[in-house]
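> Mind folding the following:
(one chain, ligands or ions: 2)
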Amino acid sequence: MSLALGCVADDYTGASDLANTLTKAGLRTIQTIGVPEEGRALPEADAVVVALKSRSIPADQAVARSREAEAWLRARGAAHVMFKVCSTFDSTDAGNIGPVMDALRAEAGAAIALVTPAFPETGRSVYQGNLFVGSVPLNESPLKDHPLNPMRDANLVRVLGRQSASPVGLIDTATVARGAEAVAARLQDLAAEGKGAAIADAIFDSDLETLGRAIIAEKFSVGASGLGLGLARALVADGRGTQDAAGAAVGEPVGGAAACLAGSCSQATLQQVAAAEKIMPVMRLDPARLLAGADVVAEALAFAAERLAAGPVLIASSAPPEAVRALQAEHGVDAAGHAIEAALAAIAEGLVARGVRRLVVAGGETSGSVVDRLGLTAFLLGPEIAAGVPVLRTAGRPEPMLLALKSGNFGGPDFFGRALDMMA
Ligand SMILES: Nc1ncnc2c1ncn2[C@@H]1O[C@H](COP(=O)(O)OP(=O)(O)OP(=O)(O)O)[C@@H](O)[C@H]1O
Ligand SMILES: O=C(O)[C@@H](O)C(=O)CO
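Ligands and ions are numbered 1, 2, ... in the order given. Presented below is the predicted three-dimensional model:
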(Lines give C-alpha, C1' and ligand atoms only; values in the text may rest on other atoms or scores of the structure.)
(Ligands and ions follow the chains in the order given, each with its own letter.)
Protein backbone atom coordinates (compact mmCIF):
# COMPACT_ATOMS: atom_id res chain seq x y z
CA MET A 1 0.00 0.00 0.00
CA SER A 2 1.49 3.37 -1.03
CA LEU A 3 -0.59 6.13 0.44
CA ALA A 4 -1.55 9.26 -1.45
CA LEU A 5 -2.24 11.03 1.85
CA GLY A 6 -1.51 10.36 5.51
CA CYS A 7 -3.36 12.04 8.37
CA VAL A 8 -2.81 12.17 12.12
CA ALA A 9 -6.01 13.17 13.96
CA ASP A 10 -6.07 14.42 17.54
CA ASP A 11 -9.35 12.68 18.41
CA TYR A 12 -11.48 9.81 17.15
CA THR A 13 -14.59 11.72 16.09
CA GLY A 14 -12.42 14.27 14.30
CA ALA A 15 -10.71 11.39 12.53
CA SER A 16 -14.00 9.95 11.31
CA ASP A 17 -15.07 13.43 10.19
CA LEU A 18 -11.90 13.74 8.12
CA ALA A 19 -12.08 10.17 6.80
CA ASN A 20 -15.66 10.91 5.70
CA THR A 21 -14.55 14.05 3.83
CA LEU A 22 -11.65 12.26 2.11
CA THR A 23 -13.90 9.37 1.11
CA LYS A 24 -16.55 11.69 -0.32
CA ALA A 25 -13.86 13.55 -2.25
CA GLY A 26 -12.72 10.31 -3.93
CA LEU A 27 -9.96 8.84 -1.74
CA ARG A 28 -10.56 5.33 -0.39
CA THR A 29 -9.90 5.92 3.28
CA ILE A 30 -9.40 3.83 6.41
CA GLN A 31 -9.46 5.12 9.96
CA THR A 32 -7.16 3.32 12.38
CA ILE A 33 -7.33 3.67 16.12
CA GLY A 34 -3.78 4.51 17.08
CA VAL A 35 -0.80 3.23 15.13
CA PRO A 36 -1.57 -0.29 13.87
CA GLU A 37 0.57 -2.96 15.46
CA GLU A 38 3.33 -4.47 13.34
CA GLY A 39 2.09 -7.03 10.84
CA ARG A 40 -1.62 -6.13 11.03
CA ALA A 41 -3.12 -6.34 7.54
CA LEU A 42 -5.24 -3.37 6.46
CA PRO A 43 -7.50 -3.13 3.42
CA GLU A 44 -6.10 -1.27 0.38
CA ALA A 45 -6.52 2.49 0.73
CA ASP A 46 -5.55 5.82 -0.81
CA ALA A 47 -5.49 7.53 2.58
CA VAL A 48 -5.20 6.47 6.20
CA VAL A 49 -6.30 8.62 9.13
CA VAL A 50 -4.54 7.51 12.30
CA ALA A 51 -6.86 8.51 15.14
CA LEU A 52 -5.16 9.49 18.38
CA LYS A 53 -6.70 10.57 21.64
CA SER A 54 -4.21 13.40 22.03
CA ARG A 55 -6.24 16.58 22.12
CA SER A 56 -6.46 16.89 25.88
CA ILE A 57 -3.39 15.03 27.14
CA PRO A 58 -0.08 16.63 28.21
CA ALA A 59 1.72 18.18 25.22
CA ASP A 60 4.84 15.99 25.44
CA GLN A 61 2.72 12.84 25.20
CA ALA A 62 0.71 14.28 22.31
CA VAL A 63 3.96 15.04 20.49
CA ALA A 64 5.38 11.55 21.05
CA ARG A 65 2.22 9.78 19.83
CA SER A 66 1.85 12.08 16.82
CA ARG A 67 5.47 11.54 15.77
CA GLU A 68 4.99 7.79 15.94
CA ALA A 69 1.85 8.05 13.77
CA GLU A 70 3.60 10.32 11.28
CA ALA A 71 6.53 7.92 10.96
CA TRP A 72 4.14 5.01 10.33
CA LEU A 73 2.35 6.97 7.58
CA ARG A 74 5.59 8.09 5.92
CA ALA A 75 6.83 4.49 5.95
CA ARG A 76 3.72 3.62 3.92
CA GLY A 77 4.51 6.15 1.25
CA ALA A 78 2.58 9.20 2.42
CA ALA A 79 4.37 12.16 0.84
CA HIS A 80 2.04 14.64 2.54
CA VAL A 81 0.90 14.28 6.15
CA MET A 82 -1.89 16.47 7.50
CA PHE A 83 -2.32 16.94 11.24
CA LYS A 84 -6.11 17.03 11.78
CA VAL A 85 -7.23 19.41 14.50
CA CYS A 86 -10.71 20.51 15.50
CA SER A 87 -12.53 22.98 13.24
CA THR A 88 -13.02 25.09 16.36
CA PHE A 89 -9.27 24.84 17.13
CA ASP A 90 -9.92 23.19 20.52
CA SER A 91 -6.73 23.56 22.55
CA THR A 92 -5.32 25.48 25.49
CA ASP A 93 -2.36 27.85 25.69
CA ALA A 94 -0.34 24.88 26.97
CA GLY A 95 -0.93 23.02 23.69
CA ASN A 96 -1.44 20.74 21.94
CA ILE A 97 -1.76 22.08 18.40
CA GLY A 98 1.40 24.23 18.54
CA PRO A 99 3.78 21.65 20.04
CA VAL A 100 2.57 18.84 17.76
CA MET A 101 2.77 21.11 14.72
CA ASP A 102 6.32 22.19 15.63
CA ALA A 103 7.44 18.58 16.03
CA LEU A 104 5.83 17.21 12.85
CA ARG A 105 7.05 20.18 10.80
CA ALA A 106 10.59 19.49 12.02
CA GLU A 107 10.23 15.78 11.15
CA ALA A 108 9.09 16.76 7.66
CA GLY A 109 12.11 19.06 7.28
CA ALA A 110 9.74 21.91 6.39
CA ALA A 111 10.37 25.53 7.32
CA ILE A 112 6.71 26.49 7.62
CA ALA A 113 3.29 24.83 7.91
CA LEU A 114 0.05 26.10 6.42
CA VAL A 115 -2.70 25.94 9.05
CA THR A 116 -6.45 26.39 8.67
CA PRO A 117 -9.38 24.91 10.61
CA ALA A 118 -11.92 26.26 8.10
CA PHE A 119 -14.72 23.80 7.31
CA PRO A 120 -17.40 25.76 5.45
CA GLU A 121 -19.85 22.84 5.32
CA THR A 122 -20.23 23.10 9.09
CA GLY A 123 -20.05 26.90 9.23
CA ARG A 124 -16.39 27.27 10.23
CA SER A 125 -14.64 30.02 8.26
CA VAL A 126 -11.44 31.97 8.77
CA TYR A 127 -11.18 35.64 7.81
CA GLN A 128 -8.13 37.81 8.56
CA GLY A 129 -6.97 34.99 10.81
CA ASN A 130 -10.17 35.09 12.89
CA LEU A 131 -12.20 31.90 13.22
CA PHE A 132 -15.97 32.21 12.87
CA VAL A 133 -18.50 29.59 13.96
CA GLY A 134 -21.51 30.39 11.82
CA SER A 135 -21.92 34.14 12.00
CA VAL A 136 -20.11 34.74 15.30
CA PRO A 137 -16.42 34.83 16.24
CA LEU A 138 -15.18 31.69 18.04
CA ASN A 139 -15.04 33.48 21.41
CA GLU A 140 -18.75 34.39 21.17
CA SER A 141 -19.81 30.89 20.08
CA PRO A 142 -20.86 28.08 22.46
CA LEU A 143 -17.17 27.02 22.39
CA LYS A 144 -16.49 29.70 24.98
CA ASP A 145 -18.13 27.28 27.45
CA HIS A 146 -16.37 24.07 26.35
CA PRO A 147 -15.86 21.83 29.41
CA LEU A 148 -12.17 21.07 28.70
CA ASN A 149 -10.84 23.91 26.55
CA PRO A 150 -13.02 27.02 26.57
CA MET A 151 -12.11 29.06 23.47
CA ARG A 152 -11.93 32.74 24.43
CA ASP A 153 -9.87 34.21 21.54
CA ALA A 154 -10.95 34.04 17.88
CA ASN A 155 -7.65 35.31 16.47
CA LEU A 156 -5.78 32.17 15.50
CA VAL A 157 -2.52 33.96 14.71
CA ARG A 158 -2.50 34.90 18.40
CA VAL A 159 -3.85 31.55 19.66
CA LEU A 160 -1.30 29.48 17.74
CA GLY A 161 1.45 32.01 18.51
CA ARG A 162 0.96 31.31 22.21
CA GLN A 163 1.36 27.56 21.62
CA SER A 164 4.16 27.37 19.05
CA ALA A 165 7.86 27.96 19.58
CA SER A 166 8.05 29.92 16.32
CA PRO A 167 6.19 33.05 15.14
CA VAL A 168 2.97 32.73 13.17
CA GLY A 169 1.96 34.68 10.04
CA LEU A 170 -1.20 35.11 7.97
CA ILE A 171 -2.18 34.22 4.41
CA ASP A 172 -5.14 36.52 3.99
CA THR A 173 -8.21 36.16 1.88
CA ALA A 174 -6.94 38.57 -0.80
CA THR A 175 -3.93 36.31 -1.35
CA VAL A 176 -6.09 33.18 -1.44
CA ALA A 177 -8.33 34.87 -4.03
CA ARG A 178 -5.28 35.32 -6.28
CA GLY A 179 -4.83 31.53 -6.49
CA ALA A 180 -2.54 28.65 -5.58
CA GLU A 181 0.66 30.22 -6.88
CA ALA A 182 0.07 33.39 -4.85
CA VAL A 183 -0.54 31.26 -1.73
CA ALA A 184 2.63 29.22 -2.32
CA ALA A 185 4.65 32.42 -2.83
CA ARG A 186 3.25 34.01 0.34
CA LEU A 187 4.07 30.84 2.28
CA GLN A 188 7.70 31.04 1.08
CA ASP A 189 7.88 34.76 1.97
CA LEU A 190 6.60 34.08 5.48
CA ALA A 191 9.11 31.24 5.88
CA ALA A 192 11.90 33.61 4.78
CA GLU A 193 10.72 36.05 7.48
CA GLY A 194 11.22 33.28 10.05
CA LYS A 195 7.58 32.31 10.54
CA GLY A 196 7.01 28.64 11.36
CA ALA A 197 3.31 28.61 10.59
CA ALA A 198 0.80 30.55 8.53
CA ILE A 199 -2.89 30.72 9.36
CA ALA A 200 -4.70 30.67 6.01
CA ASP A 201 -8.03 32.39 5.49
CA ALA A 202 -10.74 30.26 3.87
CA ILE A 203 -14.43 30.99 3.59
CA PHE A 204 -15.63 28.75 0.76
CA ASP A 205 -14.70 25.24 -0.39
CA SER A 206 -13.14 26.89 -3.44
CA ASP A 207 -10.65 28.62 -1.09
CA LEU A 208 -9.73 25.24 0.37
CA GLU A 209 -9.23 23.83 -3.11
CA THR A 210 -6.82 26.69 -3.79
CA LEU A 211 -4.96 25.94 -0.55
CA GLY A 212 -4.88 22.21 -1.36
CA ARG A 213 -3.34 22.86 -4.77
CA ALA A 214 -0.84 25.30 -3.23
CA ILE A 215 0.52 22.82 -0.68
CA ILE A 216 0.02 19.35 -2.09
CA ALA A 217 3.69 19.23 -3.07
CA GLU A 218 4.67 20.27 0.49
CA LYS A 219 5.19 17.55 3.08
CA PHE A 220 3.08 18.76 5.98
CA SER A 221 0.03 20.84 6.90
CA VAL A 222 -2.40 21.40 9.77
CA GLY A 223 -6.14 21.67 9.36
CA ALA A 224 -9.64 20.34 9.80
CA SER A 225 -11.84 18.53 7.28
CA GLY A 226 -11.93 21.54 4.96
CA LEU A 227 -8.20 21.36 4.30
CA GLY A 228 -8.62 17.60 3.88
CA LEU A 229 -11.14 18.37 1.15
CA GLY A 230 -8.69 20.71 -0.57
CA LEU A 231 -5.85 18.18 -0.43
CA ALA A 232 -8.07 15.30 -1.56
CA ARG A 233 -9.39 17.25 -4.54
CA ALA A 234 -5.83 18.16 -5.55
CA LEU A 235 -4.81 14.49 -5.34
CA VAL A 236 -7.85 13.26 -7.25
CA ALA A 237 -7.21 15.86 -9.97
CA ASP A 238 -3.74 14.33 -10.16
CA GLY A 239 -5.20 10.83 -10.70
CA ARG A 240 -4.52 9.56 -7.15
CA GLY A 241 -8.12 8.70 -6.18
CA THR A 242 -10.36 5.64 -6.52
CA GLN A 243 -13.61 5.59 -8.47
CA ASP A 244 -16.55 4.89 -6.17
CA ALA A 245 -14.41 5.36 -3.04
CA ALA A 246 -17.62 6.21 -1.17
CA GLY A 247 -19.34 2.96 -2.08
CA ALA A 248 -16.36 0.82 -1.18
CA ALA A 249 -17.26 0.06 2.43
CA VAL A 250 -21.03 -0.23 2.47
CA GLY A 251 -21.52 -3.71 3.83
CA GLU A 252 -24.24 -6.05 5.01
CA PRO A 253 -26.42 -5.03 8.00
CA VAL A 254 -24.88 -6.20 11.28
CA GLY A 255 -28.10 -6.89 13.22
CA GLY A 256 -28.06 -6.87 17.03
CA ALA A 257 -29.49 -4.21 19.31
CA ALA A 258 -28.85 -0.47 19.01
CA ALA A 259 -28.02 2.15 21.63
CA CYS A 260 -26.79 5.73 21.98
CA LEU A 261 -24.43 7.32 24.51
CA ALA A 262 -23.88 11.04 25.00
CA GLY A 263 -21.08 12.62 27.04
CA SER A 264 -20.91 15.81 25.02
CA CYS A 265 -22.34 18.92 26.68
CA SER A 266 -22.35 21.05 23.53
CA GLN A 267 -25.42 23.06 22.65
CA ALA A 268 -25.99 20.83 19.62
CA THR A 269 -25.86 17.64 21.69
CA LEU A 270 -28.15 19.07 24.38
CA GLN A 271 -30.78 19.74 21.68
CA GLN A 272 -30.26 16.30 20.16
CA VAL A 273 -30.73 14.56 23.53
CA ALA A 274 -33.91 16.58 24.12
CA ALA A 275 -35.22 15.57 20.67
CA ALA A 276 -34.32 11.90 21.28
CA GLU A 277 -36.61 11.86 24.32
CA LYS A 278 -39.55 11.95 21.89
CA ILE A 279 -38.48 8.76 20.07
CA MET A 280 -36.67 6.48 22.55
CA PRO A 281 -36.23 5.88 26.27
CA VAL A 282 -33.56 8.23 27.64
CA MET A 283 -31.72 7.82 30.91
CA ARG A 284 -29.93 10.88 32.22
CA LEU A 285 -26.88 9.96 34.26
CA ASP A 286 -26.39 11.98 37.41
CA PRO A 287 -22.65 12.82 37.46
CA ALA A 288 -22.84 14.08 41.06
CA ARG A 289 -24.05 10.65 42.21
CA LEU A 290 -21.38 8.96 40.07
CA LEU A 291 -18.67 11.07 41.68
CA ALA A 292 -20.14 10.34 45.11
CA GLY A 293 -19.59 6.63 44.46
CA ALA A 294 -23.04 5.42 43.33
CA ASP A 295 -23.00 2.53 40.84
CA VAL A 296 -24.61 4.45 37.99
CA VAL A 297 -23.04 2.07 35.48
CA ALA A 298 -25.08 -0.83 36.87
CA GLU A 299 -28.18 1.37 37.01
CA ALA A 300 -27.76 2.38 33.36
CA LEU A 301 -27.21 -1.19 32.25
CA ALA A 302 -30.30 -2.34 34.14
CA PHE A 303 -32.28 0.47 32.47
CA ALA A 304 -31.00 -0.61 29.05
CA ALA A 305 -31.41 -4.35 29.62
CA GLU A 306 -35.13 -3.91 30.34
CA ARG A 307 -35.70 -1.96 27.12
CA LEU A 308 -33.21 -3.02 24.42
CA ALA A 309 -35.36 -5.83 23.06
CA ALA A 310 -38.06 -3.26 22.25
CA GLY A 311 -35.72 -0.76 20.56
CA PRO A 312 -32.80 1.61 21.06
CA VAL A 313 -32.11 3.58 24.24
CA LEU A 314 -30.02 6.67 24.94
CA ILE A 315 -27.90 7.16 28.06
CA ALA A 316 -26.64 10.70 28.50
CA SER A 317 -24.55 12.64 31.00
CA SER A 318 -24.96 15.81 28.93
CA ALA A 319 -25.77 18.88 30.99
CA PRO A 320 -25.96 22.65 30.41
CA PRO A 321 -22.92 24.90 31.04
CA GLU A 322 -24.00 26.01 34.56
CA ALA A 323 -24.32 22.40 35.73
CA VAL A 324 -20.99 21.45 34.12
CA ARG A 325 -19.25 24.39 35.82
CA ALA A 326 -20.77 23.52 39.21
CA LEU A 327 -19.60 19.89 38.97
CA GLN A 328 -16.13 20.94 37.84
CA ALA A 329 -15.85 23.49 40.66
CA GLU A 330 -16.53 20.74 43.17
CA HIS A 331 -14.42 17.92 41.69
CA GLY A 332 -11.98 19.53 39.24
CA VAL A 333 -12.23 19.58 35.43
CA ASP A 334 -10.11 16.50 34.78
CA ALA A 335 -11.47 14.35 37.59
CA ALA A 336 -15.08 15.09 36.62
CA GLY A 337 -14.43 14.56 32.90
CA HIS A 338 -12.48 11.33 33.32
CA ALA A 339 -14.95 9.79 35.75
CA ILE A 340 -17.85 10.43 33.36
CA GLU A 341 -15.88 9.20 30.34
CA ALA A 342 -14.92 6.03 32.20
CA ALA A 343 -18.53 5.42 33.27
CA LEU A 344 -19.84 5.84 29.71
CA ALA A 345 -17.10 3.52 28.42
CA ALA A 346 -18.04 0.87 31.00
CA ILE A 347 -21.68 1.26 29.98
CA ALA A 348 -20.69 0.77 26.33
CA GLU A 349 -18.86 -2.41 27.21
CA GLY A 350 -21.87 -3.67 29.15
CA LEU A 351 -24.19 -2.81 26.28
CA VAL A 352 -22.06 -4.76 23.79
CA ALA A 353 -22.02 -7.71 26.21
CA ARG A 354 -25.84 -7.48 26.15
CA GLY A 355 -25.99 -7.72 22.36
CA VAL A 356 -25.63 -4.14 21.15
CA ARG A 357 -23.93 -4.09 17.74
CA ARG A 358 -24.96 -0.60 16.59
CA LEU A 359 -23.72 2.22 18.77
CA VAL A 360 -24.00 5.99 18.42
CA VAL A 361 -21.68 8.05 20.63
CA ALA A 362 -21.75 11.84 21.04
CA GLY A 363 -18.58 13.68 22.05
CA GLY A 364 -14.94 13.39 21.05
CA GLU A 365 -13.39 12.47 24.40
CA THR A 366 -16.37 10.28 25.16
CA SER A 367 -16.01 8.44 21.85
CA GLY A 368 -12.31 7.98 22.51
CA SER A 369 -12.97 6.30 25.84
CA VAL A 370 -15.71 4.11 24.41
CA VAL A 371 -13.72 2.96 21.37
CA ASP A 372 -10.67 2.20 23.52
CA ARG A 373 -12.74 0.27 26.03
CA LEU A 374 -14.29 -1.80 23.25
CA GLY A 375 -10.82 -2.51 21.87
CA LEU A 376 -11.75 -1.43 18.32
CA THR A 377 -8.75 -0.98 16.05
CA ALA A 378 -9.91 0.24 12.62
CA PHE A 379 -12.96 1.45 10.72
CA LEU A 380 -14.18 1.39 7.14
CA LEU A 381 -16.24 4.34 6.00
CA GLY A 382 -19.96 4.06 5.32
CA PRO A 383 -22.54 6.68 4.32
CA GLU A 384 -22.72 10.18 5.81
CA ILE A 385 -25.32 10.75 8.54
CA ALA A 386 -24.72 14.49 8.90
CA ALA A 387 -21.90 16.78 7.81
CA GLY A 388 -18.75 15.39 9.42
CA VAL A 389 -20.37 12.21 10.81
CA PRO A 390 -20.21 8.97 8.81
CA VAL A 391 -21.44 5.48 9.62
CA LEU A 392 -18.35 3.46 10.58
CA ARG A 393 -18.00 -0.28 10.19
CA THR A 394 -15.44 -2.03 12.34
CA ALA A 395 -12.59 -3.77 10.51
CA GLY A 396 -10.85 -6.75 12.07
CA ARG A 397 -13.59 -7.58 14.62
CA PRO A 398 -14.97 -11.11 14.11
CA GLU A 399 -18.54 -9.89 14.63
CA PRO A 400 -18.70 -6.50 12.90
CA MET A 401 -20.31 -3.48 14.54
CA LEU A 402 -21.60 -0.20 13.16
CA LEU A 403 -20.76 2.97 15.01
CA ALA A 404 -21.36 6.67 14.64
CA LEU A 405 -18.91 8.89 16.53
CA LYS A 406 -20.37 12.38 16.62
CA SER A 407 -18.26 15.45 17.29
CA GLY A 408 -20.00 17.48 19.95
CA ASN A 409 -21.09 20.32 17.72
CA PHE A 410 -22.15 18.36 14.68
CA GLY A 411 -25.54 17.17 13.47
CA GLY A 412 -29.06 18.58 13.48
CA PRO A 413 -31.61 18.15 16.30
CA ASP A 414 -32.81 14.81 14.85
CA PHE A 415 -29.28 13.36 14.81
CA PHE A 416 -29.82 10.29 17.00
CA GLY A 417 -32.92 9.11 15.13
CA ARG A 418 -31.30 9.75 11.78
CA ALA A 419 -28.15 7.86 12.76
CA LEU A 420 -30.13 4.84 13.96
CA ASP A 421 -32.19 4.80 10.76
CA MET A 422 -29.02 4.75 8.68
CA MET A 423 -27.51 1.95 10.76
CA ALA A 424 -30.59 -0.31 10.61
N1 LIG B 1 -22.67 16.60 33.26
C2 LIG B 1 -21.36 16.79 33.05
N3 LIG B 1 -20.65 17.64 33.84
C4 LIG B 1 -19.33 17.85 33.63
N5 LIG B 1 -18.61 17.28 32.66
C6 LIG B 1 -19.28 16.43 31.85
C7 LIG B 1 -20.66 16.14 32.00
N8 LIG B 1 -21.03 15.26 31.07
C9 LIG B 1 -19.92 14.99 30.34
N10 LIG B 1 -18.86 15.69 30.82
C11 LIG B 1 -17.49 15.67 30.32
O12 LIG B 1 -17.38 16.71 29.34
C13 LIG B 1 -16.43 16.30 28.36
C14 LIG B 1 -17.12 16.39 27.02
O15 LIG B 1 -16.15 16.19 26.05
P16 LIG B 1 -16.44 15.42 24.70
O17 LIG B 1 -15.19 15.60 23.90
O18 LIG B 1 -16.92 14.05 24.92
O19 LIG B 1 -17.62 16.23 24.05
P20 LIG B 1 -17.49 17.54 23.14
O21 LIG B 1 -16.36 18.37 23.62
O22 LIG B 1 -18.83 18.17 23.06
O23 LIG B 1 -17.16 16.89 21.74
P24 LIG B 1 -16.01 17.28 20.69
O25 LIG B 1 -14.69 17.15 21.40
O26 LIG B 1 -16.21 16.28 19.65
O27 LIG B 1 -16.31 18.68 20.27
C28 LIG B 1 -16.00 14.88 28.69
O29 LIG B 1 -14.81 14.90 29.42
C30 LIG B 1 -17.18 14.41 29.58
O31 LIG B 1 -16.83 13.36 30.43
O1 LIG C 1 -13.25 19.39 13.14
C2 LIG C 1 -14.21 19.22 13.87
O3 LIG C 1 -14.96 20.12 14.29
C4 LIG C 1 -14.46 17.83 14.37
O5 LIG C 1 -14.00 16.87 13.47
C6 LIG C 1 -13.81 17.65 15.67
O7 LIG C 1 -12.64 17.36 15.71
C8 LIG C 1 -14.62 17.95 16.87
O9 LIG C 1 -14.12 17.30 17.98
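
> wait, isn't Ala78 in contact with Leu27?
No. Assessed by Cβ atoms under 8 Å, Ala78 is found out of contact with Leu27, at 11.7 Å. For the C-beta atoms, the positions are set from N, CA and C on the backbone; glycine is no exception.

> Now do the shared contacts for the two.
Common contacts of Ala78 and Leu27 (Cβ atoms under 8 Å, 6 or more residues apart in numbering): Ala4, Leu5.

> Mind checking which of those two has more residues around it?
Leu27 (27 against 20; other Cβ atoms under 10 Å).

> list the buried ones in stretch 289-297?
By neighbour count on 16 or more other Cβ atoms under 10 Å, the buried set for stretch 289-297 is Leu290, Leu291, Val296, Val297.

> My guess is the first one contacts Ala343. True?
In this case it means Leu290. Yes. If you go by Cβ under 8 Å, Leu290 and Ala343 touch, sitting 5.5 Å apart.

> which ones are touching the residue nearest to Asp201 when sequence neighbours are not counted?
Ranked by Cβ to Cβ, 6 or more residues apart in numbering and with sequence neighbours excluded, the top spatial neighbour of Asp201 is Thr173, at 4.1 Å. By Cβ under 8 Å, 6+ apart, the contact set of Thr173 is Tyr127, Gln128, Asp201, Ile203, Asp207.

> The residues you listed: which two are farthest apart?
Gln128 and Asp207 (13.3 Å; Cβ to Cβ).

> okay, and the common contacts of these two?
By Cβ under 8 Å, 6+ apart, the residues touching both Gln128 and Asp207 are Thr173, Asp201.

> out of these two, which sits in the more crowded spot?
Asp207 (23 against 13).

> Which SSE is immediately downstream of the helix or strand containing the more buried one?
Assigned by DSSP states H and E, Asp207 falls within helix 205-215. Per DSSP H and E, the first helix or strand lying C-terminal to helix 205-215 is strand 220-223.

> If we ignore the residues flanking it in sequence, what's nearest Val282?
Leu314 (4.6 Å).

> Work out for me the element that neighbour sits within.
Secondary structure (DSSP H and E) places Leu314 in strand 313-316.

> Within its sheet, name the partner strands of that strand and how each one runs.
Strand pairing for strand 313-316, using DSSP bridges, gives strand 257-262 (parallel), strand 282-284 (parallel).

> can you put those strands in JSON lines and add mean pLDDT, distance to Asp153 and mean neighbour count?
What follows is these, written out as JSON lines (pLDDT from 0 to 100; distance: least, Cβ to Cβ, whole Å; neighbours: other Cβ atoms under 10 Å):
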{"stretch": "strand 257-262", "mean pLDDT": "98", "distance to Asp153": "28", "mean neighbour count": "26"}
{"stretch": "strand 282-284", "mean pLDDT": "98", "distance to Asp153": "33", "mean neighbour count": "17"}
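
> number of nearby residues for the nearest residue to Pro142 once chain neighbours are set aside?
Spatially, and ignoring its direct neighbours in sequence, Pro142 is nearest to Gln267 (4.4 Å; Cβ to Cβ, 6+ apart). If you count neighbours by other Cβ under 10 Å, Gln267 ends up with 16.

> For Ala319, see how far away Gln267 is.
Here Gln267 is placed at a distance of 12 Å from Ala319 (Cβ to Cβ, to the nearest Å).

> ok, now Ala182?
According to Cβ to Cβ, Ala182 stands 47 Å off from Ala319.

> Would you mind telling me which of these two has more residues around it?
Neighbours per residue, other Cβ under 10 Å: of Ala182 and Ala319, the larger number sits with Ala319, 21 against 16.

> which residues touch that one?
Counting by Cβ under 8 Å, 6+ apart, Ala319 touches Cys265, Leu270, Pro287, Leu327.

> most surrounded residue in the residues you listed?
Tallying neighbours with other Cβ under 10 Å puts Cys265 at the head of the contacts of Ala319, with 25 neighbours.

> my guess is that residue is in a strand, correct?
No. Going by DSSP: H, G, I helix; E, B strand; the rest coil, the assignment for Cys265 is coil, not a strand.

> what does the stretch 251-400 of the chain put close to ligand 2?
Selection of the stretch 251-400 of the chain residues close to ligand 2 by Cβ under 6 Å from any ligand atom yields Gly364, Gly388.

> Show me the longest strand that occurs in this structure.
strand 378-386 (DSSP state E).

> I'd like the average pLDDT over stretch 311-327.
Summarised as a single mean, pLDDT over stretch 311-327 is 96.

> Contact partners for the closest residue to ligand 2 within the stretch 251-400 of the chain?
Here the stretch 251-400 of the chain gets closest to ligand 2 at one residue, Gly364, 3.8 Å apart by Cβ to the nearest ligand atom. Applying Cβ under 8 Å, 6+ apart to Gly364 gives the contacts Asp11, Tyr12, Thr13, Gly14, Arg55, Cys86, Ser264, Leu405, Ser407, Gly408.
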